[in-house]
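J.: no FASTA, just this:
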């Protein structure tokens, strides 16, 4: 199965939106493949930034922004 294009990924994200306040965010890691070969550091940076935003410095969940 070929990878999703950025446009297709956005459409899938829109379809998966949940009315219970779950927020789906997308970030493209340029040059990354399905396994993030050679792109693990940018992936971890993006995940860390997302967790900091969602959990804050306290480690507790914050409301969706």
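T.: Nice, I can see it. Treat the numbers as computed from the prediction; the structure is a model and nothing was measured.
J.: from now on I want contacts and neighbour counts done on CA atoms only, so please keep to that.
T.: OK.
J.: would you mind finding the longest helix in this protein?
T.: Longest helix in the chain, counting residues (DSSP state H): helix 40-55.
J.: buried sites along that one?
T.: Of all the residues in helix 40-55, those buried under the rule 16 or more other Cα atoms under 10 Å are 43, 52, 54.
J.: rounded mean pLDDT for it, please.
T.: The average pLDDT for helix 40-55 rounds to 92.
J.: and stretch 24-40, how far apart are its ends?
T.: 21 Å (Cα to Cα, to the nearest Å).
J.: oh sorry, the question was meant for stretch 30-38
T.: 11 Å.
J.: rewinding a little: which of the buried residues of helix 40-55 lies closest to residue 23?
T.: residue 54 (9.9 Å; Cα to Cα).
J.: isn't residue 3 up against residue 34?
T.: Yes: assessed by Cα atoms under 8 Å, residue 3 is found in contact with residue 34 at 7.5 Å.
J.: what helix or strand is residue 27 on?
T.: When secondary structure is defined by DSSP states H and E, residue 27 falls outside every helix and strand.
J.: what residues are up against it?
T.: In this structure, residue 27 makes contact with residue 46, judged by Cα atoms under 8 Å, 6 or more residues apart in numbering.
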